[in-house]
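Participant: from the sequence below, what's the structure:
(4 chains)
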Number of protein chains: 2
Amino acid sequence: MLWVVVACAMPRKRLTREESREQTRLRLLDAAAAVIVKKGLAGTSVEDIAGHAGYTRGAFYSNFKSKTDLFIELLKSDHAQVQQDLQQLLEADISNEDLQKQLAQFYGQCYRDHNSYVLWAEARLHAVRDAKFRQRMNTLCLEKRDMIASFITQFNQRMAQPPLPAPAPDLALAMMALIDGMLYFNMSMPGEMSDTATGTVLSTIFTATFFGPQA
Amino acid sequence: MLWVVVACAMPRKRLTREESREQTRLRLLDAAAAVIVKKGLAGTSVEDIAGHAGYTRGAFYSNFKSKTDLFIELLKSDHAQVQQDLQQLLEADISNEDLQKQLAQFYGQCYRDHNSYVLWAEARLHAVRDAKFRQRMNTLCLEKRDMIASFITQFNQRMAQPPLPAPAPDLALAMMALIDGMLYFNMSMPGEMSDTATGTVLSTIFTATFFGPQA
DNA sequence: GTATCCAAATACATTGTTGTATTTAAATAC
DNA sequence: GTATTTAAATACAACAATGTATTTGGATAC
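Facilitator: Sure thing, here's the model as predicted:
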(Lines give C-alpha, C1' and ligand atoms only; values in the text may rest on other atoms or scores of the structure.)
Protein backbone atom coordinates (compact mmCIF):
# COMPACT_ATOMS: atom_id res chain seq x y z
CA MET A 1 0.00 0.00 0.00
CA LEU A 2 2.75 2.37 0.90
CA TRP A 3 4.38 1.08 -2.24
CA VAL A 4 1.80 2.66 -4.42
CA VAL A 5 2.34 6.02 -2.80
CA VAL A 6 6.07 5.83 -3.15
CA ALA A 7 5.84 4.71 -6.72
CA CYS A 8 3.74 7.75 -7.46
CA ALA A 9 5.87 10.16 -5.46
CA MET A 10 9.04 9.32 -7.38
CA PRO A 11 8.12 8.23 -10.86
CA ARG A 12 10.70 5.44 -10.88
CA LYS A 13 9.93 3.96 -14.26
CA ARG A 14 9.01 0.32 -14.13
CA LEU A 15 11.66 -1.19 -16.31
CA THR A 16 11.03 -3.44 -19.22
CA ARG A 17 12.82 -6.77 -19.18
CA GLU A 18 15.39 -5.66 -21.68
CA GLU A 19 16.08 -2.40 -19.89
CA SER A 20 16.41 -4.17 -16.62
CA ARG A 21 18.83 -6.65 -18.10
CA GLU A 22 20.93 -3.90 -19.62
CA GLN A 23 21.00 -2.09 -16.33
CA THR A 24 22.25 -5.20 -14.60
CA ARG A 25 24.95 -5.63 -17.23
CA LEU A 26 26.16 -2.08 -16.81
CA ARG A 27 26.11 -2.28 -13.04
CA LEU A 28 28.13 -5.46 -13.19
CA LEU A 29 30.65 -3.86 -15.53
CA ASP A 30 31.01 -0.81 -13.31
CA ALA A 31 31.34 -2.89 -10.21
CA ALA A 32 33.90 -5.10 -11.92
CA ALA A 33 36.02 -2.11 -12.88
CA ALA A 34 35.99 -0.81 -9.34
CA VAL A 35 36.75 -4.12 -7.69
CA ILE A 36 39.40 -5.16 -10.20
CA VAL A 37 41.22 -1.87 -9.75
CA LYS A 38 41.12 -2.41 -6.04
CA LYS A 39 42.00 -6.09 -5.78
CA GLY A 40 43.47 -7.03 -9.12
CA LEU A 41 42.03 -9.24 -11.83
CA ALA A 42 43.13 -12.52 -10.35
CA GLY A 43 42.31 -11.40 -6.83
CA THR A 44 38.74 -10.59 -7.74
CA SER A 45 36.13 -13.32 -7.52
CA VAL A 46 32.93 -13.47 -9.47
CA GLU A 47 31.19 -13.21 -6.15
CA ASP A 48 33.05 -9.97 -5.39
CA ILE A 49 31.83 -8.41 -8.59
CA ALA A 50 28.24 -9.53 -8.29
CA GLY A 51 28.13 -8.57 -4.62
CA HIS A 52 29.56 -5.13 -5.22
CA ALA A 53 26.95 -4.55 -7.88
CA GLY A 54 24.21 -5.65 -5.51
CA TYR A 55 23.49 -9.01 -7.13
CA THR A 56 24.42 -12.62 -6.63
CA ARG A 57 26.53 -14.87 -8.76
CA GLY A 58 23.43 -16.00 -10.57
CA ALA A 59 23.05 -12.57 -12.16
CA PHE A 60 26.67 -12.63 -13.24
CA TYR A 61 26.56 -15.97 -15.01
CA SER A 62 23.28 -15.01 -16.55
CA ASN A 63 25.02 -12.05 -18.20
CA PHE A 64 28.63 -13.10 -18.82
CA LYS A 65 30.37 -16.26 -19.82
CA SER A 66 33.27 -15.75 -17.45
CA LYS A 67 35.35 -13.18 -15.65
CA THR A 68 37.68 -12.93 -18.63
CA ASP A 69 34.72 -12.38 -20.90
CA LEU A 70 33.55 -9.47 -18.79
CA PHE A 71 37.07 -8.09 -18.58
CA ILE A 72 37.42 -7.95 -22.33
CA GLU A 73 34.15 -6.08 -22.62
CA LEU A 74 35.46 -3.63 -20.08
CA LEU A 75 38.61 -2.99 -22.10
CA LYS A 76 36.78 -2.72 -25.36
CA SER A 77 34.45 -0.12 -24.02
CA ASP A 78 37.34 1.88 -22.63
CA HIS A 79 39.24 1.61 -25.88
CA ALA A 80 36.25 2.75 -27.88
CA GLN A 81 36.00 5.79 -25.65
CA VAL A 82 39.69 6.65 -26.08
CA GLN A 83 39.48 6.17 -29.83
CA GLN A 84 36.56 8.51 -29.97
CA ASP A 85 38.42 11.14 -27.97
CA LEU A 86 41.43 10.84 -30.25
CA GLN A 87 39.30 11.07 -33.33
CA GLN A 88 37.85 14.27 -32.00
CA LEU A 89 41.30 15.67 -31.34
CA LEU A 90 42.36 14.72 -34.83
CA GLU A 91 39.41 16.47 -36.41
CA ALA A 92 39.71 19.57 -34.28
CA ASP A 93 41.42 22.60 -35.70
CA ILE A 94 44.86 22.46 -34.22
CA SER A 95 46.84 24.90 -36.30
CA ASN A 96 46.05 27.84 -34.09
CA GLU A 97 46.91 26.20 -30.86
CA ASP A 98 50.34 26.10 -29.42
CA LEU A 99 52.25 22.92 -28.86
CA GLN A 100 52.09 23.09 -25.10
CA LYS A 101 48.31 23.06 -25.05
CA GLN A 102 48.15 20.26 -27.57
CA LEU A 103 50.46 18.11 -25.56
CA ALA A 104 48.57 18.71 -22.36
CA GLN A 105 45.35 17.72 -24.04
CA PHE A 106 46.91 14.78 -25.79
CA TYR A 107 48.44 13.53 -22.60
CA GLY A 108 45.24 13.85 -20.68
CA GLN A 109 43.33 12.20 -23.48
CA CYS A 110 45.30 9.02 -23.69
CA TYR A 111 43.95 7.45 -20.61
CA ARG A 112 41.23 9.35 -18.95
CA ASP A 113 41.77 8.42 -15.40
CA HIS A 114 43.76 6.44 -12.97
CA ASN A 115 41.30 3.57 -12.83
CA SER A 116 41.28 2.91 -16.50
CA TYR A 117 45.06 2.98 -16.54
CA VAL A 118 45.26 0.39 -13.82
CA LEU A 119 42.87 -1.77 -15.80
CA TRP A 120 45.17 -1.61 -18.80
CA ALA A 121 48.15 -2.47 -16.66
CA GLU A 122 46.28 -5.57 -15.56
CA ALA A 123 45.47 -6.30 -19.15
CA ARG A 124 49.12 -6.16 -20.18
CA LEU A 125 50.16 -8.65 -17.60
CA HIS A 126 47.33 -10.86 -18.64
CA ALA A 127 48.49 -10.52 -22.23
CA VAL A 128 51.93 -11.78 -21.32
CA ARG A 129 50.37 -15.04 -20.20
CA ASP A 130 47.57 -15.54 -22.67
CA ALA A 131 48.44 -15.54 -26.36
CA LYS A 132 44.84 -15.32 -27.49
CA PHE A 133 44.21 -12.35 -25.27
CA ARG A 134 47.49 -10.77 -26.36
CA GLN A 135 46.40 -10.86 -29.97
CA ARG A 136 43.17 -9.12 -29.19
CA MET A 137 44.99 -6.46 -27.27
CA ASN A 138 47.52 -5.96 -30.04
CA THR A 139 44.72 -5.18 -32.41
CA LEU A 140 43.45 -2.49 -30.12
CA CYS A 141 46.93 -1.06 -29.54
CA LEU A 142 47.77 -0.95 -33.22
CA GLU A 143 44.51 0.80 -33.90
CA LYS A 144 45.56 3.43 -31.46
CA ARG A 145 49.05 3.60 -32.89
CA ASP A 146 47.75 4.29 -36.36
CA MET A 147 45.52 7.00 -35.10
CA ILE A 148 48.40 8.64 -33.29
CA ALA A 149 50.65 8.21 -36.33
CA SER A 150 48.04 9.99 -38.37
CA PHE A 151 47.94 12.71 -35.75
CA ILE A 152 51.70 13.10 -35.90
CA THR A 153 51.82 13.25 -39.69
CA GLN A 154 49.06 15.78 -39.80
CA PHE A 155 50.63 17.85 -37.09
CA ASN A 156 53.98 17.78 -38.84
CA GLN A 157 52.45 18.91 -42.10
CA ARG A 158 50.30 21.65 -40.68
CA MET A 159 53.18 23.06 -38.73
CA ALA A 160 55.46 22.77 -41.76
CA GLN A 161 58.15 21.22 -39.64
CA PRO A 162 61.37 19.53 -40.79
CA PRO A 163 60.89 15.93 -41.94
CA LEU A 164 60.20 13.51 -39.12
CA PRO A 165 63.29 11.73 -37.79
CA ALA A 166 61.61 8.33 -38.22
CA PRO A 167 58.49 6.82 -39.79
CA ALA A 168 55.35 8.16 -38.17
CA PRO A 169 54.14 4.76 -36.95
CA ASP A 170 57.45 4.18 -35.18
CA LEU A 171 57.31 7.58 -33.60
CA ALA A 172 53.76 6.91 -32.58
CA LEU A 173 54.82 3.77 -30.77
CA ALA A 174 57.63 5.65 -29.12
CA MET A 175 55.29 8.39 -27.97
CA MET A 176 52.85 5.82 -26.65
CA ALA A 177 55.66 4.14 -24.80
CA LEU A 178 56.83 7.42 -23.36
CA ILE A 179 53.41 8.50 -22.20
CA ASP A 180 52.72 5.03 -20.92
CA GLY A 181 55.93 5.08 -19.01
CA MET A 182 54.99 8.35 -17.39
CA LEU A 183 51.54 7.20 -16.41
CA TYR A 184 52.87 3.87 -15.31
CA PHE A 185 55.31 5.66 -13.07
CA ASN A 186 52.69 7.92 -11.64
CA MET A 187 50.48 4.94 -11.04
CA SER A 188 52.81 3.25 -8.61
CA MET A 189 54.70 6.32 -7.40
CA PRO A 190 51.98 8.94 -7.14
CA GLY A 191 53.33 12.39 -6.38
CA GLU A 192 56.92 11.43 -6.96
CA MET A 193 56.98 13.10 -10.32
CA SER A 194 55.39 16.51 -10.13
CA ASP A 195 52.89 17.50 -12.78
CA THR A 196 55.02 20.41 -13.85
CA ALA A 197 58.10 18.20 -14.14
CA THR A 198 56.12 15.74 -16.21
CA GLY A 199 54.85 18.48 -18.47
CA THR A 200 58.25 20.07 -18.86
CA VAL A 201 59.96 16.85 -19.68
CA LEU A 202 57.31 15.73 -22.12
CA SER A 203 57.34 19.01 -23.95
CA THR A 204 61.13 19.09 -23.98
CA ILE A 205 61.33 15.69 -25.54
CA PHE A 206 58.44 16.26 -27.89
CA THR A 207 59.87 19.54 -29.06
CA ALA A 208 63.30 18.07 -29.59
CA THR A 209 61.87 15.14 -31.50
CA PHE A 210 59.43 16.96 -33.71
CA PHE A 211 60.96 20.33 -34.12
CA GLY A 212 64.45 19.05 -34.52
CA PRO A 213 67.62 21.11 -34.48
CA GLN A 214 66.48 24.47 -33.29
CA ALA A 215 66.21 25.61 -29.71
CA MET B 1 75.39 -50.20 -1.40
CA LEU B 2 75.20 -48.75 -4.84
CA TRP B 3 74.79 -45.50 -2.99
CA VAL B 4 78.27 -45.71 -1.62
CA VAL B 5 79.70 -46.26 -5.06
CA VAL B 6 77.75 -43.39 -6.52
CA ALA B 7 78.69 -41.14 -3.67
CA CYS B 8 82.33 -41.86 -4.42
CA ALA B 9 81.95 -41.56 -8.16
CA MET B 10 80.50 -38.06 -7.97
CA PRO B 11 81.73 -36.37 -4.85
CA ARG B 12 78.39 -34.71 -4.16
CA LYS B 13 79.26 -32.93 -0.98
CA ARG B 14 77.12 -33.89 1.94
CA LEU B 15 75.55 -30.59 2.91
CA THR B 16 75.65 -29.10 6.35
CA ARG B 17 72.35 -28.06 7.84
CA GLU B 18 72.89 -24.41 7.12
CA GLU B 19 73.98 -25.03 3.55
CA SER B 20 71.02 -27.23 2.97
CA ARG B 21 68.66 -24.61 4.35
CA GLU B 22 70.20 -21.94 2.18
CA GLN B 23 69.89 -24.16 -0.86
CA THR B 24 66.22 -24.65 -0.14
CA ARG B 25 65.71 -20.93 0.22
CA LEU B 26 67.37 -20.23 -3.09
CA ARG B 27 65.48 -22.95 -4.86
CA LEU B 28 62.23 -21.60 -3.50
CA LEU B 29 63.12 -18.09 -4.65
CA ASP B 30 64.03 -19.28 -8.13
CA ALA B 31 60.92 -21.37 -8.40
CA ALA B 32 58.80 -18.47 -7.19
CA ALA B 33 60.25 -16.16 -9.84
CA ALA B 34 59.50 -18.67 -12.57
CA VAL B 35 55.99 -19.47 -11.43
CA ILE B 36 55.01 -15.88 -10.68
CA VAL B 37 56.15 -14.78 -14.13
CA LYS B 38 54.06 -17.55 -15.60
CA LYS B 39 50.90 -17.28 -13.55
CA GLY B 40 51.03 -13.90 -11.86
CA LEU B 41 51.53 -13.08 -8.21
CA ALA B 42 47.93 -13.53 -7.18
CA GLY B 43 47.51 -16.56 -9.40
CA THR B 44 50.41 -18.37 -7.80
CA SER B 45 49.77 -20.45 -4.71
CA VAL B 46 52.30 -21.28 -2.06
CA GLU B 47 51.84 -24.86 -3.10
CA ASP B 48 52.77 -23.96 -6.69
CA ILE B 49 56.02 -22.44 -5.56
CA ALA B 50 57.00 -25.20 -3.20
CA GLY B 51 56.01 -27.86 -5.71
CA HIS B 52 57.95 -26.28 -8.53
CA ALA B 53 61.03 -26.18 -6.32
CA GLY B 54 60.57 -29.82 -5.43
CA TYR B 55 59.35 -29.30 -1.89
CA THR B 56 56.07 -29.20 -0.01
CA ARG B 57 54.36 -26.30 1.68
CA GLY B 58 56.10 -27.23 4.90
CA ALA B 59 59.45 -26.19 3.46
CA PHE B 60 58.00 -22.92 2.32
CA TYR B 61 56.53 -21.87 5.64
CA SER B 62 59.70 -23.01 7.35
CA ASN B 63 61.63 -20.46 5.25
CA PHE B 64 59.27 -17.57 4.57
CA LYS B 65 56.59 -15.79 6.51
CA SER B 66 54.29 -15.45 3.52
CA LYS B 67 54.13 -15.17 -0.22
CA THR B 68 54.47 -11.40 0.00
CA ASP B 69 57.50 -11.83 2.20
CA LEU B 70 59.18 -14.00 -0.40
CA PHE B 71 58.16 -11.64 -3.19
CA ILE B 72 59.85 -8.72 -1.52
CA GLU B 73 63.03 -10.69 -1.14
CA LEU B 74 62.86 -11.49 -4.81
CA LEU B 75 62.57 -7.83 -5.73
CA LYS B 76 65.29 -6.76 -3.37
CA SER B 77 67.72 -9.23 -4.81
CA ASP B 78 66.92 -8.12 -8.33
CA HIS B 79 67.26 -4.49 -7.38
CA ALA B 80 70.62 -5.10 -5.75
CA GLN B 81 71.80 -6.74 -8.94
CA VAL B 82 70.66 -3.82 -11.08
CA GLN B 83 72.22 -1.32 -8.71
CA GLN B 84 75.48 -3.17 -8.93
CA ASP B 85 75.37 -3.16 -12.69
CA LEU B 86 74.64 0.54 -12.75
CA GLN B 87 77.43 1.26 -10.32
CA GLN B 88 79.80 -0.59 -12.59
CA LEU B 89 78.63 1.39 -15.59
CA LEU B 90 79.06 4.57 -13.61
CA GLU B 91 82.60 3.72 -12.66
CA ALA B 92 83.61 2.55 -16.08
CA ASP B 93 85.50 4.88 -18.33
CA ILE B 94 82.88 6.23 -20.65
CA SER B 95 84.52 9.24 -22.22
CA ASN B 96 85.96 7.22 -25.06
CA GLU B 97 82.82 5.46 -25.97
CA ASP B 98 80.22 6.83 -28.29
CA LEU B 99 76.69 7.61 -27.23
CA GLN B 100 75.13 4.82 -29.21
CA LYS B 101 77.10 2.15 -27.42
CA GLN B 102 76.43 3.69 -24.04
CA LEU B 103 72.74 3.75 -24.65
CA ALA B 104 72.63 0.19 -25.81
CA GLN B 105 74.45 -0.91 -22.71
CA PHE B 106 72.39 1.30 -20.47
CA TYR B 107 69.19 0.04 -21.95
CA GLY B 108 70.15 -3.56 -21.59
CA GLN B 109 71.33 -2.96 -18.07
CA CYS B 110 68.17 -1.54 -16.68
CA TYR B 111 66.32 -4.75 -16.47
CA ARG B 112 68.33 -7.73 -17.36
CA ASP B 113 65.70 -9.95 -18.80
CA HIS B 114 62.09 -10.37 -19.61
CA ASN B 115 61.34 -12.29 -16.46
CA SER B 116 62.63 -9.70 -14.10
CA TYR B 117 60.70 -7.04 -15.96
CA VAL B 118 57.47 -8.96 -15.59
CA LEU B 119 58.16 -9.29 -11.88
CA TRP B 120 58.50 -5.55 -11.57
CA ALA B 121 55.28 -5.03 -13.47
CA GLU B 122 53.58 -7.28 -10.93
CA ALA B 123 55.21 -5.30 -8.18
CA ARG B 124 53.87 -2.03 -9.49
CA LEU B 125 50.33 -3.25 -9.53
CA HIS B 126 50.78 -4.59 -6.07
CA ALA B 127 52.12 -1.19 -5.01
CA VAL B 128 48.97 0.49 -6.23
CA ARG B 129 46.99 -1.54 -3.73
CA ASP B 130 49.29 -1.77 -0.77
CA ALA B 131 50.58 1.47 0.72
CA LYS B 132 53.20 -0.23 2.84
CA PHE B 133 54.55 -2.10 -0.12
CA ARG B 134 54.43 1.03 -2.23
CA GLN B 135 56.66 2.84 0.21
CA ARG B 136 59.24 0.10 0.08
CA MET B 137 59.23 0.13 -3.67
CA ASN B 138 59.54 3.89 -3.80
CA THR B 139 62.71 3.65 -1.79
CA LEU B 140 64.19 1.25 -4.29
CA CYS B 141 63.07 3.33 -7.26
CA LEU B 142 64.44 6.55 -5.85
CA GLU B 143 67.73 4.83 -5.20
CA LYS B 144 67.84 3.93 -8.83
CA ARG B 145 66.79 7.41 -9.90
CA ASP B 146 69.62 8.98 -7.97
CA MET B 147 72.10 6.65 -9.48
CA ILE B 148 70.87 7.44 -12.97
CA ALA B 149 70.84 11.15 -12.19
CA SER B 150 74.43 10.85 -11.15
CA PHE B 151 75.14 9.03 -14.38
CA ILE B 152 73.49 11.77 -16.39
CA THR B 153 75.36 14.56 -14.61
CA GLN B 154 78.65 12.81 -15.03
CA PHE B 155 77.97 12.07 -18.65
CA ASN B 156 76.99 15.65 -19.31
CA GLN B 157 80.15 16.97 -17.71
CA ARG B 158 82.52 14.54 -19.35
CA MET B 159 81.05 15.21 -22.74
CA ALA B 160 81.10 18.95 -22.10
CA GLN B 161 77.59 19.29 -23.37
CA PRO B 162 75.25 22.26 -23.12
CA PRO B 163 73.54 22.61 -19.74
CA LEU B 164 70.83 20.05 -19.10
CA PRO B 165 67.32 21.16 -20.02
CA ALA B 166 66.02 20.18 -16.58
CA PRO B 167 67.35 19.04 -13.20
CA ALA B 168 69.17 15.75 -13.46
CA PRO B 169 66.84 13.89 -11.07
CA ASP B 170 63.84 14.93 -13.14
CA LEU B 171 65.56 13.86 -16.31
CA ALA B 172 66.47 10.61 -14.65
CA LEU B 173 62.83 9.93 -13.84
CA ALA B 174 61.87 10.79 -17.39
CA MET B 175 64.50 8.46 -18.80
CA MET B 176 63.37 5.70 -16.49
CA ALA B 177 59.80 6.28 -17.58
CA LEU B 178 60.80 6.21 -21.22
CA ILE B 179 62.81 3.04 -20.95
CA ASP B 180 60.14 1.49 -18.79
CA GLY B 181 57.54 2.38 -21.34
CA MET B 182 59.56 0.71 -24.07
CA LEU B 183 60.13 -2.45 -22.09
CA TYR B 184 56.56 -2.45 -20.91
CA PHE B 185 55.45 -2.24 -24.51
CA ASN B 186 57.73 -5.00 -25.62
CA MET B 187 56.52 -7.10 -22.76
CA SER B 188 52.95 -7.26 -23.91
CA MET B 189 53.52 -6.69 -27.62
CA PRO B 190 56.67 -8.65 -28.33
CA GLY B 191 58.01 -8.13 -31.81
CA GLU B 192 55.71 -5.24 -32.57
CA MET B 193 58.45 -2.74 -32.02
CA SER B 194 61.60 -3.88 -33.79
CA ASP B 195 64.88 -3.69 -31.94
CA THR B 196 66.32 -1.32 -34.48
CA ALA B 197 63.28 0.93 -34.25
CA THR B 198 63.57 0.93 -30.49
CA GLY B 199 67.24 1.79 -30.65
CA THR B 200 66.76 4.50 -33.24
CA VAL B 201 63.98 6.13 -31.33
CA LEU B 202 65.77 5.98 -28.02
CA SER B 203 68.94 7.42 -29.42
CA THR B 204 67.01 10.12 -31.30
CA ILE B 205 65.26 11.22 -28.17
CA PHE B 206 68.32 10.91 -25.99
CA THR B 207 70.42 12.87 -28.41
CA ALA B 208 67.82 15.57 -28.72
CA THR B 209 67.44 15.83 -24.99
CA PHE B 210 71.06 15.79 -23.97
CA PHE B 211 72.81 17.29 -26.92
CA GLY B 212 70.19 19.90 -27.50
CA PRO B 213 69.97 22.18 -30.52
CA GLN B 214 72.36 20.63 -32.95
CA ALA B 215 71.57 17.92 -35.45
C1' DG C 1 76.73 -45.14 20.23
C1' DT C 2 72.70 -42.14 22.33
C1' DA C 3 70.37 -37.85 22.87
C1' DT C 4 68.96 -33.52 20.76
C1' DC C 5 67.68 -30.60 17.34
C1' DC C 6 65.50 -28.80 13.45
C1' DA C 7 64.33 -28.71 8.33
C1' DA C 8 60.90 -30.41 5.87
C1' DA C 9 56.77 -33.58 5.35
C1' DT C 10 52.31 -34.72 6.60
C1' DA C 11 47.73 -34.30 8.66
C1' DC C 12 44.00 -31.45 9.54
C1' DA C 13 40.39 -28.01 9.98
C1' DT C 14 38.67 -24.05 7.78
C1' DT C 15 37.43 -21.11 4.31
C1' DG C 16 36.75 -19.40 -0.41
C1' DT C 17 35.69 -20.26 -5.27
C1' DT C 18 33.83 -22.36 -9.10
C1' DG C 19 30.04 -23.71 -12.36
C1' DT C 20 25.80 -26.00 -12.81
C1' DA C 21 21.18 -27.32 -11.63
C1' DT C 22 17.08 -25.92 -9.81
C1' DT C 23 13.75 -22.67 -8.07
C1' DT C 24 11.44 -18.01 -7.70
C1' DA C 25 8.92 -14.20 -8.99
C1' DA C 26 8.27 -10.54 -12.08
C1' DA C 27 7.28 -9.29 -16.97
C1' DT C 28 5.12 -10.50 -21.22
C1' DA C 29 1.74 -12.66 -24.19
C1' DC C 30 -2.70 -14.53 -24.78
C1' DG D 1 -7.32 -13.38 -15.66
C1' DT D 2 -4.11 -17.53 -16.97
C1' DA D 3 -0.06 -19.28 -19.17
C1' DT D 4 4.56 -18.59 -20.55
C1' DT D 5 8.97 -16.77 -20.39
C1' DT D 6 13.25 -15.54 -18.31
C1' DA D 7 16.35 -12.68 -15.14
C1' DA D 8 18.14 -13.45 -11.08
C1' DA D 9 18.40 -16.12 -6.55
C1' DT D 10 19.34 -20.19 -4.27
C1' DA D 11 21.04 -24.84 -3.50
C1' DC D 12 24.60 -27.95 -4.31
C1' DA D 13 28.84 -30.64 -5.15
C1' DA D 14 33.53 -30.55 -6.11
C1' DC D 15 37.73 -28.56 -5.53
C1' DA D 16 41.68 -25.39 -4.26
C1' DA D 17 44.20 -22.80 -0.82
C1' DT D 18 45.31 -21.31 3.62
C1' DG D 19 47.97 -21.72 8.07
C1' DT D 20 48.80 -24.42 12.03
C1' DA D 21 49.83 -28.54 14.61
C1' DT D 22 52.14 -32.62 14.63
C1' DT D 23 55.37 -36.05 13.02
C1' DT D 24 59.63 -37.82 10.91
C1' DG D 25 64.37 -38.59 9.81
C1' DG D 26 68.76 -36.93 8.90
C1' DA D 27 72.32 -33.65 11.01
C1' DT D 28 74.81 -32.31 15.16
C1' DA D 29 76.62 -32.69 19.85
C1' DC D 30 78.12 -35.45 23.55
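
Participant: in stretch A:82-91, what's buried?
Facilitator: A:82, A:85-86, A:89 (16 or more other C-beta atoms under 10 Å in any protein chain shown). Just so you know, the C-beta spots here come from the backbone N, C-alpha and C atoms, and that holds for glycine as well.

Participant: which ones among those residues map onto helices?
Facilitator: A:82, A:85-86, A:89 (DSSP state H).

Participant: of the buried residues of stretch A:82-91, just say which sits nearest to A:D146.
Facilitator: A:L86 (10.3 Å; C-beta to C-beta).

Participant: now for that closest one: which residues touch it?
Facilitator: A:L86 makes contact with A:109, A:144, A:147-148, A:151, according to C-beta atoms under 8 Å, 6 or more residues apart in numbering or on different chains.

Participant: ranking the residues you listed by neighbours, who comes first?
Facilitator: Greatest neighbour count in the contacts of A:L86, by other C-beta atoms under 10 Å in any protein chain shown, goes to A:I148: 23 neighbours.

Participant: quickly find the element holding it.
Facilitator: helix A:131-158 (DSSP states H and E).

Participant: for the helix or strand just after that helix, name the packing helices and strands.
Facilitator: Downstream of helix A:131-158, the next assigned helix or strand under DSSP H and E is helix A:168-188. If you count contacts as 3 or more C-beta pairs under 8 Å, 6 or more residues apart in numbering or on different chains; DSSP states H and E, helix A:168-188 packs onto helix A:99-110, helix A:114-129, helix A:131-158, helix A:195-211, helix B:114-129, helix B:168-188, helix B:195-211.

Participant: let's go with 6 Å and repeat that
Facilitator: Applying 3 or more C-beta pairs under 6 Å, 6 or more residues apart in numbering or on different chains; DSSP states H and E, we find helix A:168-188 packed against helix A:131-158, helix B:114-129, helix B:168-188.

Participant: closest to A:H52 out of those helices?
Facilitator: Nearest of those (C-beta to C-beta): helix B:114-129, 15.8 Å.

Participant: so, in contact with DNA strand C or not, that closest one?
Facilitator: No: on the criterion C-beta under 7 Å from any atom of the strand, helix B:114-129 is out of touch with DNA strand C, staying 14.8 Å away.

Participant: next, the buried residues of that helix.
Facilitator: B:116-128.

Participant: for stretch A:72-79, same thing?
Facilitator: Under 16+ other C-beta under 10 Å, the buried positions of stretch A:72-79 are A:72, A:74-75, A:78-79.

Participant: how about the residues of chain A by DNA strand D?
Facilitator: Listed as neighbours of DNA strand D in chain A under the rule C-beta under 7 Å from any atom of the strand: A:17, A:20-21, A:23-24, A:50, A:55-59, A:62-63.

Participant: from the residues you listed, which land in helices?
Facilitator: A:17, A:20-21, A:23-24, A:50, A:57-59, A:62-63.

Participant: and the residues you listed near chain B, which?
Facilitator: Taking C-beta under 6 Å from any C-beta of the partner chain as the test, chain B is in contact with none of those.

Participant: how is chain A partitioned into domains?
Facilitator: Per the record, chain A has its domains at A:18-64, A:67-215, by automatic domain parsing.

Participant: report how many residues lie close to the residue in chain A that DNA strand D sits nearest to.
Facilitator: As assessed by C-beta to the nearest atom of the strand, DNA strand D sits closest to A:G58 within chain A, at 2.0 Å. A:G58 is flanked by 9 other residues according to other C-beta under 10 Å.

Participant: so who does the residue lying closest to it once chain neighbours are set aside touch?
Facilitator: Here the nearest residue to A:G58 in space, its sequence neighbours aside, is A:A50; by C-beta to C-beta, 6 or more residues apart in numbering or on different chains that works out to 7.9 Å. By C-beta atoms under 6 Å, 6 or more residues apart in numbering or on different chains, the contact set of A:A50 is A:56-57, A:59-60.

Participant: hang on, the earlier thing: among the buried residues of helix B:114-129, which are in reach of chain A?
Facilitator: B:118, B:121, B:124-125, B:127-128.

Participant: tell me, what's the model's pLDDT at A:T24?
Facilitator: On pLDDT, A:T24 comes in at 98.

Participant: my error: substitute A:M10 in the last question.
Facilitator: 42.

Participant: try A:G54
Facilitator: 98.

Participant: leaving out the residues flanking it, which one is nearest to it?
Facilitator: A:R27 is the one closest to A:G54 (C-beta to C-beta, 6+ apart), at 6.9 Å.

Participant: surely the one you found touches A:A53?
Facilitator: Yes: A:R27 is within contact range of A:A53, at 4.4 Å (criterion: C-beta atoms under 6 Å).

Participant: neighbour count: those two, which is higher?
Facilitator: Between A:R27 and A:A53, counted using other C-beta under 10 Å, A:A53 has the larger neighbour count: 21 against 18.

Participant: A:Q135: neighbour count?
Facilitator: A:Q135: 10 neighbours (other C-beta under 10 Å).

Participant: ditto for the one 3 residues further on
Facilitator: Neighbour count for A:N138, taken as other C-beta under 10 Å: 17.

Participant: what sits against it?
Facilitator: With C-beta under 6 Å, 6+ apart, A:N138 has these contacts: B:M189.

Participant: related to what we said a few turns ago, worst average pLDDT in the domains of chain A?
Facilitator: Among the domains of chain A, domain A:67-215 scores lowest, with a mean of 81.

Participant: so for the one helix or strand A:D48 maps to, what gets flagged as buried?
Facilitator: Per DSSP H and E: A:D48 is located in helix A:46-53. The neighbour-count check on helix A:46-53 (16+ other C-beta under 10 Å) flags A:46, A:48-50, A:52-53 as buried.

Participant: go on, stretch A:37-45?
Facilitator: A:37, A:40-44.

Participant: quick one on the thing from earlier: can I get the contacts of A:A50 in CSV including distance to B:A172 and neighbour count?
Facilitator: Rendered in CSV, the data for the contacts of A:A50 read as follows (distance: C-beta to C-beta, whole Å; neighbours: other C-beta atoms under 10 Å in any protein chain shown):
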residue, distance to B:A172, neighbour count
A:T56, 51, 13
A:R57, 48, 13
A:A59, 49, 18
A:F60, 46, 22
